[in-house]
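Engineer: 3D, please:
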Amino acid sequence: MGSKEILVSEVGELIKEISGLGECNSASKKMYSSLVRRIKLLSPLFEELRDIQDHLQDDVVYGLDLLRLALLSALDLLKSIHQTSKLYQALQIDKMAPKFHLVTEQIEDALVHIPYNTLNVSEEVREQIELVHAQFKRAKERMDSLDLQLVMDLAVVQRENDLEVSIFKRLSEKLHLRTIEDLKKESLAIHNMVISSGGTPEDFFETMSFLLRKLKDYIMSENPVLDAPEYEKNLSRHRSPVIPDDFRCPISLELMKDPVIVSTGQTYERSCIQKWLDAGHKTCPKTQQTLVHTALTPNYVLKSLIALWCENNGVELPKKEGDTRNRKTGSSGSDCDKAAMDTLLQKLANGNPEQQRAAAGELRLLAKRNADNRVCIAEAGAIPLLVELLSSPDSRTQEHAVTALLNLSINESNKGTIVNAGAIPDIVEVLKNGSTEARENAAATLFSLSVLDENKVAIGAAGAIPPLIDLLCQGSPRGKKDAATAIFNLSIYQGNKVRAVRAGIVPPLIRLLKDHGGGMMDEALAILAIIAGHSEGKQAIGQAEPIPVLIELMRTGSPRNRENAASVLWSLCTGDSQFLNIAREHRAEEVLKQLSDSGTDRAKRKAVNVLELLQRTEGDNS
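Structural biologist: Alright, predicted model coming up:
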């Protein structure tokens with residue numbers, strides 16, 4: 001069998017193998033399915049090439065060899081999707097999009113080098129290949145958008161302690177982890193990953209274990225007869241329910257029966273805080289802040305939530321002293337909710353600064369607590385009033401307002417309401433000039449709102465990217481991560497890549513790469529991988545002289561960092577002899593050879609690709 005025949009056969013077999021891969025049921029499903037579908041459409045070309053393979057010209061053979069390498073990369077990526085933990089894929093979803101994008105670039109580049117218009121194939125096949133090439137070209141020019149609801153849910157899981165069942169319901173559906181058997185398979189996949197990958201998922205192992213436990217709790221609650229041993233069921237019947245911390249009085253630590261709000265926004269059992277005040281204290285017991293006034297406002301919303309929790313858990317509802325009315329638990333909950341909400345909105349709209357601050361703080365807490373509250377608050381008309389308070393001269397009120405909007409934006413329908421209320425320019429202003437906490441939560445809010453593609457455009461046009469870069473440079477560790485996540489998401493839109501580059505994103509990212517103790521290396525490399533695909537981004541990265549630090553990361557970094565550094569280096573060196581020469585001067589070949597032997601699958605592919613480019617240019621120069 002001749003070399004041309006072998007090459008055509010290998011490429012044909014790769015397409016056949018990829019076409020026969022099983023369905024993907026993970027966070028990467030959309031990207032996986034799109035790539036497989038496009039590769040399948042190449043099949044007719046290779047069926048006809050088998051008849052003319054002996055007559056292929058050298059330029060065709062070169063293009064086919066490039067396609068062979070690209071399809072090998074694609075096959076490795078697609079197989080890894082099946083072998084890797086679904087939870088790990090979800091936690092790494094922002095890294096998966098660049099992987100698929102780079103494979104798409106490789107295939108499109110190979111198709112450019114195949115002069116299929118000159119091949120002696122049928123007109124029907126030629127038209128189909130032209131169509132496939134056009135699809136790959138379009139896909140190359142844009143990064144696949146992420147499932148941002150999934151990203152938000154996972155961010156909340158990693159940042160918050162008091163989590164809603166609805167989050168785990170969505171994760172169960174999106175990740176196809178719906179049964180105990182699914183979770184057993186997922187647990188095995190995580191175990192195998194840790195053993196075979198040299199510890200790649202260590203950073204996420206605790207989060208994955210937590211998610212597995214919570215998903216099991218959710219699935220068991222939906223199907224209580226599944227897999228639960230009889231002794232465990234009996235034990236659960238006699239176990240006393242754990243009282244949520246928010247339902248306990250901070251003074252007595254007992255379940256509250258008459259919760260009231262003091263001027264700092266904290267809630268206490270009425271009798272306990274009254275005794276505190278009667279003893280002559282002028283401060284809030286929990287925060288030690290001075291009380292502006294000693295009025296006690298009934299917390300009707302919390303009271304109704306306590307009543308509902310008591311009813312659902314078989315706990316007798318606490319009664320105030322002298323309350324001898326015999327009524328059904330929680331029967332007046334909705335009326336109390338409405339009355340409390342009306343009171344809060346009145347304070348937001350017409351109250352003095354202290355009342356506005358307290359009301360915004362209460363809404364912030366309510367919006368964080370559960371999904372029903374987010375719907376109720378929005379329907380009551382609170383969002384426009386909160387947007388107005390973004391311009392408050394009181395920094396604490398501003399913090400409460402932007403954080404309340406962040407919590408409300410978790411609800412998909414609320415995102416449009418927030419944007420339609422004109423919030424984006426005001427949130428950007430908070431991002432520029434607010435307190436540290438306000439700026440961090442403003443960044444997180446912009447990330448949440450950018451779920452909608454049109455909002456990516458509006459947020460970028462409102463000038464959000466420069467202050468996000470400033471937060472990335474100057475913020476707290478959490479603030480830097482919020483800023484990086486927002487920049488990454490906004491940069492999915494091509495126009496924002498240019499804005500980020502022109503606003504000076506590259507030098508801070510390079511600095512973060514050099515700060516080994518800063519904890520931002522993953523985020524910096526992910527953003528670099530996105531903007532490296534844009535011509536201005538590639539130029540800016542090149543001007544920052546990144547190759548020495550990229551090579552150092554490939555030598556000493558974690559498996560994930562070595563992989564991402566190789567990816568950025570590949571983007572720089574593709575089609576640019578200048579960067580190839582710089583890489584050679586810094587002895588990149590030695591590191592690349594090590595990486596091609598010991599790196600992750602993707603790192604090995606990138607290392608091999610750059611080595612081939614180096615060898616090719618060395619041959620051209622000799």
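Engineer: which non-adjacent residue is nearest the spatially most central residue of the chain?
Structural biologist: Closest residue to the average C-alpha location of the chain: V151 at 3.0 Å, with CA atoms, centre = their mean. Spatial nearest neighbour of V151, chain neighbours left out: I93 (6.4 Å); criterion: CB to CB, 6 or more residues apart in numbering. Where C-beta positions appear, they are placed from N, C-alpha and C, glycine not excepted.
Engineer: ok, A358 next?
Structural biologist: G265 (4.8 Å).
Engineer: doesn't the one you found fall inside a helix?
Structural biologist: No: applying DSSP: H, G, I helix; E, B strand; the rest coil, one finds G265 to be coil, outside a helix.
Engineer: low-confidence ranges, the stretch 501-622 of the chain, go.
Structural biologist: Applying pLDDT under 70 to the stretch 501-622 of the chain flags residues 618-622.
Engineer: now the strands for it?
Structural biologist: Using DSSP state E, counting those that start in this stretch, the stretch 501-622 of the chain contains no strands.
Engineer: what of the stretch 51-200 of the chain?
Structural biologist: According to DSSP E, counting those that start in this stretch, the stretch 51-200 of the chain contains no strands.
Engineer: tally up the residues packed near L580, please.
Structural biologist: By the criterion of other CB atoms under 10 Å, L580 has 23 neighbours.
Engineer: what's the answer for I547, then?
Structural biologist: A count of neighbours around I547, defined by other CB under 10 Å, yields 22.
Engineer: do the same with Q89
Structural biologist: Neighbour count for Q89, taken as other CB under 10 Å: 21.
Engineer: on that earlier part again, hmm, L366 and the residue nearest to A358 touching each other?
Structural biologist: No: using CB atoms under 8 Å as the test, G265 is too far from L366 to be in contact (11.3 Å).
Engineer: which of those two has more neighbours?
Structural biologist: The residue with more neighbours, out of G265 and L366, is L366; 26 against 22, by other CB under 10 Å.
Engineer: which element is the residue lying closest to that one once chain neighbours are set aside on?
Structural biologist: In this structure, L366 finds its nearest non-sequential neighbour in N373, 4.6 Å apart by CB to CB, 6+ apart. Per DSSP states H and E: N373 is located in helix 371-379.
Engineer: I'd like the next helix or strand past that helix.
Structural biologist: Downstream of helix 371-379, the first helix or strand assigned by DSSP H and E is helix 382-389.
Engineer: mean confidence score for that next one?
Structural biologist: Averaged across helix 382-389, pLDDT comes to 94.
Engineer: tell me the buried residues in stretch 428-447?
Structural biologist: Of the residues in stretch 428-447, those buried under the neighbour-count criterion (16 or more other CB atoms under 10 Å) are 428-432, 434, 437-447.
Engineer: can you list contacts of that stretch?
Structural biologist: When contacts are defined by CB atoms under 8 Å, 6 or more residues apart in numbering, stretch 428-447 is touched by residues 152, 155, 390-391, 395, 398-399, 402-403, 405-406, 409, 424, 427, 459, 462-464, 467-468, 470-471, 475-476, 478-479, 482-483, 485-486, 489-490.
Engineer: equivalent analysis for stretch 577-585, please.
Structural biologist: Here stretch 577-585 has contacts from 542, 547, 551, 569, 572-573, 610, 613-614, 617-618, using CB under 8 Å, 6+ apart.
Engineer: same question, stretch 35-44
Structural biologist: By CB under 8 Å, 6+ apart, stretch 35-44 touches 12, 15-16, 18-19, 21, 71, 74, 77-78, 100, 103-104, 107, 124-125, 128-129, 131-132, 135-136, 139.
Engineer: which ones among those are found in helices?
Structural biologist: Members of those lying in helices (criterion: DSSP state H): 12, 15-16, 18-19, 71, 74, 77-78, 100, 103-104, 107, 124-125, 128-129, 131-132, 135-136, 139.
Engineer: now the buried members of these.
Structural biologist: 12, 15, 18, 71, 74, 77-78, 100, 103-104, 107, 125, 128-129, 132, 135-136, 139.
Engineer: tell me the helix or strand right after the helix or strand that contains V8.
Structural biologist: Assigned by DSSP H and E, V8 belongs to helix 3-19. Downstream of helix 3-19, the first helix or strand assigned by DSSP H and E is helix 29-40.
Engineer: quick check: closest non-adjacent residue to A349.
Structural biologist: L385 (5.6 Å).
Engineer: go on, L472?
Structural biologist: Once flanking residues are discounted, L472 sits nearest to A483: 4.1 Å by CB to CB, 6+ apart.
Engineer: check which helices and strands the helix or strand harbouring that neighbour is in contact with.
Structural biologist: In this assignment (DSSP H and E), A483 forms part of helix 477-490. Other elements packing on helix 477-490 under the criterion 3 or more CB pairs under 8 Å, 6 or more residues apart in numbering; DSSP states H and E are helix 148-159, helix 436-449, helix 453-461, helix 465-474, helix 494-502, helix 521-531.
Engineer: list the buried residues of that helix.
Structural biologist: 479-490.
Engineer: now do it, average pLDDT.
Structural biologist: 87.
Engineer: so what touches that helix?
Structural biologist: 94, 146, 148, 151, 155, 159, 436, 439-441, 443-444, 446-447, 450, 456, 459-460, 464-465, 468-469, 471-472, 475, 496, 500, 505, 518-520, 523-524, 526-527, 530.
Engineer: coming back round to it: of the buried residues of helix 477-490, closest to L171?
Structural biologist: Using CB to CB, T485 is the member of the buried residues of helix 477-490 that lies nearest L171, at 18.2 Å.
Engineer: how much space separates the closest one from C284?
Structural biologist: 33 Å (CB to CB, to the nearest Å).
Engineer: A421 too?
Structural biologist: A421 sits 32 Å away from C284, going by CB to CB.
Engineer: neighbour-wise, which of these two wins?
Structural biologist: Comparing A421 with C284 by other CB under 10 Å, the one with more neighbours is C284, at 19 against 16.
Engineer: correct me, but that one touches V262?
Structural biologist: Yes: look at C284 against V262 with CB under 8 Å: they come within range, at 5.8 Å.
Engineer: what touches both of the two?
Structural biologist: In contact with both C284 and V262: L291, using CB under 8 Å, 6+ apart.
Engineer: quick one: contacts of stretch 128-146?
Structural biologist: By CB under 8 Å, 6+ apart, the surrounding residues in contact with stretch 128-146 are 30-31, 34, 38, 41-42, 44-45, 93-94, 97-98, 100-101, 104-105, 107-108, 111-112, 116, 453, 489, 492, 494, 530, 533.
Engineer: hmm, 6 Å instead?
Structural biologist: 31, 38, 41, 44-45, 93, 97, 101, 104-105, 107-108, 111, 116, 492 (CB atoms under 6 Å, 6 or more residues apart in numbering).
Engineer: tell me the two of the residues you listed that are most distant?
Structural biologist: I93 and Y116 (34.5 Å).
Engineer: tell me the first helix or strand C-terminal of the helix or strand of the chain with the lowest mean pLDDT.
Structural biologist: Lowest by mean pLDDT, DSSP states H and E among the helices and strands of the chain is helix 230-238, with a mean of 36. As assigned by DSSP H and E, the chain's next helix or strand after helix 230-238 is strand 259-261.
Engineer: list phi and psi for I114.
Structural biologist: Here is the backbone geometry of I114 (degrees, to the nearest 10): phi -100, psi 110.
Engineer: so who does it touch?
Structural biologist: G63.
Engineer: quick one: distance of stretch 6-20 to the chain centre.
Structural biologist: Centroid separation for stretch 6-20 versus its chain: 35 Å, with CA atoms, centre = their mean, to the nearest Å.
Engineer: other residues contacting it?
Structural biologist: Contacts for stretch 6-20 (CB under 6 Å, 6+ apart): 39-40, 42-43, 46, 49, 53, 64, 67-68, 71, 75.
Engineer: if we use 10 Å, what do you get?
Structural biologist: Stretch 6-20 is touched from outside by 1-2, 35-37, 39-43, 45-47, 49-54, 56, 60-61, 64-65, 67-68, 70-72, 74-75, 78-79, 110, with contacts defined as CB atoms under 10 Å, 6 or more residues apart in numbering.
Engineer: with only the CA atoms kept, save that stretch in CSV.
Structural biologist: Taking Å, rounded to 0.1, in the frame of the first residue of the first chain, the C-alpha atoms of stretch 6-20 are listed here in CSV:
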residue,chain,number,x,y,z
ILE,A,6,-2.3,4.9,3.6
LEU,A,7,-2.9,8.6,4.3
VAL,A,8,-6.4,8.7,2.6
SER,A,9,-7.2,5.5,4.5
GLU,A,10,-6.1,6.9,7.9
VAL,A,11,-8.1,10.1,7.4
GLY,A,12,-11.1,8.1,6.3
GLU,A,13,-10.9,5.8,9.3
LEU,A,14,-10.5,8.8,11.7
ILE,A,15,-13.7,10.4,10.3
LYS,A,16,-15.5,7.0,10.6
GLU,A,17,-14.3,6.6,14.2
ILE,A,18,-15.4,10.1,15.2
SER,A,19,-18.8,9.7,13.4
GLY,A,20,-19.4,6.5,15.5
